[in-house]
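Kindly generate the corresponding structure for this input.
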Amino acid sequence: MKASTFVRPALFVSRTTFPHSRTRVSFARKVFFCQAKYSDSGTDGKFSLRVVSPTLLAAEKEEAKAVLTLFLKKQGLSNVVAARTINKSDAFVDHLVSQLHSIHKSRYLVGRELSTLEIREALIPYLETLLEEFGGILVDVVENFPAPPVEERSEENVQNQTVIETSVASVSPSVASPESGKLRALARVSDISPTGKLPSHIVYLVDLGMELEAIREVIRKFPAFAYYSLEGKIKPVVEFLLDLGVPKSDIPTILTKRPQLCGISLTENLIPTMAFLEDLGVDKR
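Sure thing, here's the model as predicted:
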C-alpha cells in the first residue's frame, strides 16, 4: 500500500457535525491520493492480499463497514444518510481493509485473524486523522475515493440537497438502507457446497443445537458473524466456554445473544480477563 497524504497526526478529535451550509467544496487532488499496489510476496515491504482467504476478506469488509457507519453516526449523520454513504463507499472500504493489512502485516503472514476490537482500534484513529484533515467534506472524500471531490456548490443547491435528503429520509428510509450486504450474509447460511453440504461453520453451529432460523436471526442483527471462520474464531470461543464449565446446551443461547464474542481475541482479551478474575478469587467453574 502506498498512500500519499498530507495528513496531520491524529490527536484528540472532538465530535464534529458535517455542515450543510458550505458554498464551496474544493481541494487539490494532490492532498489525498492513494494507490494500492500488491505484490506476490512480502519481501519488498508490500503486503499481498493473495495470502488472505476470500471469506476472511469478506468478513473484514463487513467489519470495516460497521466501523465506518458507527464513526459517521458519531459525527452527526442520520442513519439514512450514513447508510447511503456506505452504499457509495466500496472503494474506500477496500482501502480501510488494506490499511488493516498494512498495520497488522505480521499477523496475517502467520495466519492470525484480527478480532473485532483490534479492527476498531486500527481504523478509528485513521478515520479521526482524516476527519481532522478534511472536516466537513469527509463524506465527499469517502464517497469519491480515491478521486478527491472538486466541485462548486451554490448555497441554494446545498439547501435543495438538504431538503431532498430530508424528504427521502421521511418518505422511504428503506430505499437507502444497505440491505444488500445483509442479504449476502444471510445467503451464506444456506449456501450449498459442491459436495451438497452447508458451510462448515453452519454445520458446526447446528451440531451445537442452534436452529438455522436462529442462526439467520443472529446474522440479521450482526452480519459479520456469517463470515467468521470455524477454526479461527467460532470453534476456539466455544471450546473456551466449554472449558470454563459452561454447559453445551447453553452455548447456542450465548452465541445468539452475544455473537460478538467470536470476534474477540482469545489470547489478548478473553483468556487474560479470565486469569485476572481467577486471581481475584473467582472460580471459573
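
Which pLDDT value does the model give Asp207?
Looking at Asp207, its pLDDT is 91.

where does the protein have low pLDDT?
Where the chain drops to pLDDT under 70, the residues are 1-52, 107-111, 136, 148-182, 185, 190-196, 282-285.

And the helices in it?
54-74, 79-87, 90-103, 105-109, 116-134, 138-144, 155-171, 179-190, 200-208, 212-221, 235-243, 251-257, 271-279 (DSSP state H).

can you list those in JSON lines and add distance to Tyr227 and mean neighbour count?
To be clear about C-beta, it is placed using only N, CA and C from the backbone, and glycine gets the same treatment. Listed next are the helices of the chain as JSON lines, based on distance: least, CB to CB, whole Å; neighbours: other CB atoms under 10 Å:
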{"stretch": "helix 54-74", "distance to Tyr227": "3", "mean neighbour count": "19"}
{"stretch": "helix 79-87", "distance to Tyr227": "17", "mean neighbour count": "20"}
{"stretch": "helix 90-103", "distance to Tyr227": "12", "mean neighbour count": "19"}
{"stretch": "helix 105-109", "distance to Tyr227": "16", "mean neighbour count": "15"}
{"stretch": "helix 116-134", "distance to Tyr227": "12", "mean neighbour count": "18"}
{"stretch": "helix 138-144", "distance to Tyr227": "22", "mean neighbour count": "20"}
{"stretch": "helix 155-171", "distance to Tyr227": "30", "mean neighbour count": "12"}
{"stretch": "helix 179-190", "distance to Tyr227": "7", "mean neighbour count": "15"}
{"stretch": "helix 200-208", "distance to Tyr227": "9", "mean neighbour count": "16"}
{"stretch": "helix 212-221", "distance to Tyr227": "9", "mean neighbour count": "16"}
{"stretch": "helix 235-243", "distance to Tyr227": "15", "mean neighbour count": "16"}
{"stretch": "helix 251-257", "distance to Tyr227": "15", "mean neighbour count": "16"}
{"stretch": "helix 271-279", "distance to Tyr227": "23", "mean neighbour count": "11"}
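
how about the ones you listed, which one is nearest Ile264?
Closest of the helices of the chain to Ile264 is helix 116-134, at 6.2 Å (criterion: CB to CB).

what are the C-alpha coordinates of that closest one, in PDB please?
C-alpha atoms of helix 116-134 as PDB (Å, rounded to 0.1, in the frame of the first residue of the first chain):
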ATOM      1  CA  THR A 116     -13.400  -7.100  16.100                       C
ATOM      2  CA  LEU A 117     -11.800  -4.900  18.800                       C
ATOM      3  CA  GLU A 118      -8.400  -4.900  17.000                       C
ATOM      4  CA  ILE A 119     -10.100  -3.900  13.800                       C
ATOM      5  CA  ARG A 120     -11.800  -0.900  15.500                       C
ATOM      6  CA  GLU A 121      -8.600   0.100  17.300                       C
ATOM      7  CA  ALA A 122      -6.800   0.200  14.000                       C
ATOM      8  CA  LEU A 123      -9.400   2.000  11.900                       C
ATOM      9  CA  ILE A 124     -10.900   4.600  14.300                       C
ATOM     10  CA  PRO A 125      -7.600   6.500  14.800                       C
ATOM     11  CA  TYR A 126      -7.100   6.500  11.000                       C
ATOM     12  CA  LEU A 127     -10.700   7.900  10.400                       C
ATOM     13  CA  GLU A 128     -10.100  10.500  13.100                       C
ATOM     14  CA  THR A 129      -7.000  11.600  11.300                       C
ATOM     15  CA  LEU A 130      -8.900  12.000   8.100                       C
ATOM     16  CA  LEU A 131     -11.700  13.900   9.900                       C
ATOM     17  CA  GLU A 132      -9.100  16.300  11.400                       C
ATOM     18  CA  GLU A 133      -7.700  16.900   7.900                       C
ATOM     19  CA  PHE A 134     -10.900  17.200   5.900                       C
END
